[in-house]
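1. Here is a sequence together with a model predicted from it:
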Amino acid sequence: MNGSESDNNEKQIIFNISKEENFPDWYTEICRVAELVDIRYGVKGFTPFLPWSFMSMDIMFDIYERTLKGKKHLPMLFPTVIPEGNLTKEADHVEGFTPQVFWIKDIGEGKELEEPLALRPTSETAIYPLYSLWVRSWRDLPMKRYQKCSVFRSEVKSTRPFLRGREFLWIESHNVFATHEEGKAQVMEDLETTQEVVTGEYGIPVMIFRRTQWDKFPGGVDTYAADTLMPDGKVIQLPSTHDLGDNFARAFDITYLDESNEDVYAFQTCYGPAVSRIYGAMISIHGDDKGLRLPFKIAPYQVVIIPIFTEKTEKKVMDYCHGIESRLTKTAIRVHLDDCDQTPGWKYNYWEMKGVPVRVEAGPRDIKGEKAVVFRRDTMKRESVSVDELSDRVKELGKAIDDNLRKIAESKFEDLVVDAETIGQVDEALNRGKIARIEFCTTQMAGFACAEHIKDQTGGEIRGTRIDIEEEPTSVCLVCGKPAEEIVYIARSY
Ligand SMILES: [Zn+2]
């Protein structure tokens, strides 16, 4: 290896941007340097995902799908296109989604389609016409299905890789029930699933809100959504779940014969974890100034092995490292032996920046003691471990790393909520990266004007009311002065 070239490479690979002070730069640079996306595709909002991000998203999908299947949802896959006539059947839904829809209107050299086709922005209107055929009697219910796919929305806000794209990857689950109570219970189950997977498996803490009536899913009755906090103090919406009541059943004629043989409307819910967006939040929340810190559960490589040798010891060290590699692989650990032509120092920096949770270093001295040096990315600490105990120790460390990353993320939620009694106090809280809690007239449509006023004055949006705790208002709406019916939370958001 040429010395000066190696110096250059070494410089390039050291990542050092303060995430807290300069999150936008941190995010843009880590997406490029860690080879997560290639932004040169040339179509606004459409971004190729590269192996290092896609391998993790694949694992994240696996975890989500396993959890949904465990709760009796079955997978299926509908076509990407939706005929215009179906998309426009539910009036509120059309109004909410039409401005964002990409249309296919002709084929080849301008041959017009009989009916324009929409690229699905979400699949209610693709799936429900067939649910109307599939659901016949109470025996068919509940019907719990989901699909893993990409959806297309021409976002007006500025796009960012993973966090806001015009095509994104998600799971959408669509469920049909005999009663509204069962539908509401499904919504609660979805919220538990969010906590199990997003917090329990990916280490991302969330706050769950019932959204206001003006911010709910177009066409639904109620929307519940999980928000998490990004390093710049703004919140981002992660999975949301919707109680559709029988609104869509009425629009799409989804009825069933009940036990007394009467034809009645079914009730529906849908749930949409956007895995690519969760990935963007995950890397933002867990990363540090040196780059990514991937949870052990979702890292493409959980362990990277770095051999340390001179020309004389190369063969012996490489054999030793291959031995370690096969031991770890046998115990179902995802491992990569880095035998590329770079210095160990370069490799350390590179894999630290890429966020690999555990590094194993081995050289001639380690061979003598049948040991290896184990390094954990989250705390940057090293220890020496005997090769016999390596698999067990790596798995222990994996758990410890995931716990630690989750706890660090959760600590940002402490003292996050600040009570505010005036618009000035709301603004001041948001400027400090906090979430403001206020007494508010109503989250029914009548409260919309007050919400707009708050947004104009502070840039903050009402995220909704908490459903995990009872909160009783005792005062008046800080905007209109009417008696407050609700306690709501205000944050700046993505
Ligand atoms: Zn008000």
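-> Yes, it's here.

2. what residues does the stretch 351-494 of the chain put near the ion?
-> By Cβ under 5 Å from the ion, the residues of the stretch 351-494 of the chain that approach the ion are 441, 450, 477, 479-480. Any C-beta I mention is one placed from the backbone N, CA and C, and that applies to glycine too.

3. Could you do the chain as well?
-> Remark: the part of the chain in contact with the ion comprises 441, 450, 477, 479-480, using Cβ under 5 Å from the ion.

4. Adding pLDDT, write those residues out as JSON lines.
-> Formatted as JSON lines, those follow (pLDDT from 0 to 100):
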{"residue": "441", "pLDDT": "97"}
{"residue": "450", "pLDDT": "97"}
{"residue": "477", "pLDDT": "97"}
{"residue": "479", "pLDDT": "96"}
{"residue": "480", "pLDDT": "96"}
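
5. Can you tell me which of those has the most neighbours?
-> For the residues of the chain next to the ion, neighbours were counted by other Cβ atoms under 10 Å; the highest total belongs to residue 441, with 23 neighbours.

6. show me the contacts for the residue of the stretch 101-250 of the chain found nearest the ion.
-> Residue nearest to the ion within the stretch 101-250 of the chain (Cβ to the ion): residue 212, separated by 11.8 Å. When the contact criterion is Cβ atoms under 8 Å, 6 or more residues apart in numbering, the partners of residue 212 are 443, 447-448, 451, 462, 464, 488.

7. Of these, which is the most crowded?
-> Top of the contacts of residue 212 by neighbour number is residue 488, holding 29 neighbours under the definition other Cβ under 10 Å.

8. what bridges to the nearest residue to that residue once chain neighbours are set aside?
-> Using Cβ to Cβ, 6 or more residues apart in numbering and skipping the chain neighbours, the partner closest in space to residue 488 is residue 440 (4.4 Å). With DSSP bridges as the criterion, residue 440 is bridged to residue 486.

9. pretty sure residue 440 contacts residue 462?
-> Yes - with contact defined as Cβ atoms under 8 Å, residue 440 counts as touching residue 462 (7.2 Å).

10. who touches both of those two?
-> Overlap between the neighbourhoods of residue 440 and residue 462 consists of residue 488, taking contacts as Cβ under 8 Å, 6+ apart.

11. distance between stretch 16-28 and the chain's centre?
-> 20 Å (Cα atoms, centre = their mean, to the nearest Å).

12. Tell me the pLDDT of residue 88.
-> pLDDT, the model's per-residue confidence, is 86 for residue 88.

13. Offset the numbering so it begins at 15, please.
-> Understood, numbering begins at 15; the last thing we discussed is residue 102.

14. got the contact list for it?
-> Counting by Cβ under 8 Å, 6+ apart, residue 102 touches 108, 112.

15. again, only this time at 7 Å
-> Under the criterion of Cβ atoms under 7 Å, 6 or more residues apart in numbering, the contact partners of residue 102 comprise residue 108.

16. and the nearest residue to the residue of the stretch 115-264 of the chain closest to the ion once chain neighbours are set aside, how far is that from the ion?
-> Spatially, and ignoring its direct neighbours in sequence, residue 226 is nearest to residue 457 (4.1 Å; Cβ to Cβ, 6+ apart). Distance from residue 457 to the ion, counting by Cβ to the ion, to the nearest Å: 10 Å.

17. need the contact list for the residue nearest to residue 302 when sequence neighbours are not counted.
-> In this structure, residue 302 finds its nearest non-sequential neighbour in residue 33, 6.3 Å apart by Cβ to Cβ, 6+ apart. Residue 33 makes contact with 40, 245, 301-303, according to Cβ under 7 Å, 6+ apart.

18. Recalculate using a threshold of 6 Å.
-> For residue 33, the contacting residues are 40, 245, 303, taking Cβ atoms under 6 Å, 6 or more residues apart in numbering as the criterion.

19. and what of residue 47?
-> Going by Cβ under 6 Å, 6+ apart, residue 47 touches residue 29.

20. so which of the contacts of residue 226 comes closest to residue 331?
-> Nearest to residue 331 among those, counting by Cβ to Cβ, is residue 478 at 57.4 Å.

21. where exactly do the helices run in the stretch 265-414 of the chain?
-> Assignment of helices within the stretch 265-414 of the chain using DSSP state H, counting those that start in this stretch yields the ranges 289-300, 328-344, 358-368, 378-382, 404-425.

22. Next secondary structure after the helix or strand hosting residue 466?
-> Residue 466 is located in helix 462-472, with elements delineated by DSSP states H and E. Proceeding C-terminally, helix 462-472 gives way to strand 475-480 as the next helix or strand, assigned by DSSP H and E.

23. Can you give me the domain assignment for this protein?
-> Under the assignment named as automatic domain parsing, the residue ranges that make up the domains of the chain are 37-300, 317-411, 431-505.

24. Show me what counts as buried in whichever helix or strand residue 130 is part of.
-> Using DSSP H and E, residue 130 sits in strand 125-133. Of the residues in strand 125-133, those scored as buried under the neighbour-count criterion (16 or more other Cβ atoms under 10 Å) are 130-133.

25. May I have that strand exported as CSV, CA atoms only?
-> C-alpha atoms of strand 125-133 as CSV (Å, rounded to 0.1, in the frame of the first residue of the first chain):
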residue,chain,number,x,y,z
LYS,A,125,-52.2,6.4,-26.1
GLU,A,126,-54.6,7.5,-23.4
LEU,A,127,-55.8,5.0,-20.8
GLU,A,128,-59.5,4.5,-20.5
GLU,A,129,-59.3,5.2,-16.8
PRO,A,130,-56.3,7.0,-15.3
LEU,A,131,-54.4,4.9,-12.7
ALA,A,132,-53.0,6.3,-9.5
LEU,A,133,-49.7,5.1,-8.0
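
26. Within the sheet, what are the partner strands of it, with directions?
-> Every partner of strand 125-133, by DSSP bridges, with its direction: strand 95-97 (antiparallel), strand 117-121 (antiparallel).

27. any idea which residue of the chain is furthest from its center?
-> Among the residues of the chain, the one whose C-alpha is farthest from the average of all C-alpha positions is residue 326, by Cα atoms, centre = their mean at 48.0 Å.

28. I'd like the distance between it and residue 380.
-> Residue 326 sits 16 Å away from residue 380, going by Cβ to Cβ, to the nearest Å.

29. The spatially closest residue to residue 334 that is not a sequence neighbour: how many residues sit nearby?
-> Across the structure, with Cβ to Cβ, 6+ apart as the measure, the residue nearest residue 334 apart from its sequence neighbours is residue 381 (5.1 Å). Counted with other Cβ under 10 Å, the burial measure for residue 381 works out to 18 neighbours.

30. Repeat that for residue 345.
-> 12.

31. Residue 196 too?
-> As a burial measure, the neighbour count of residue 196 was computed by other Cβ under 10 Å and equals 16.
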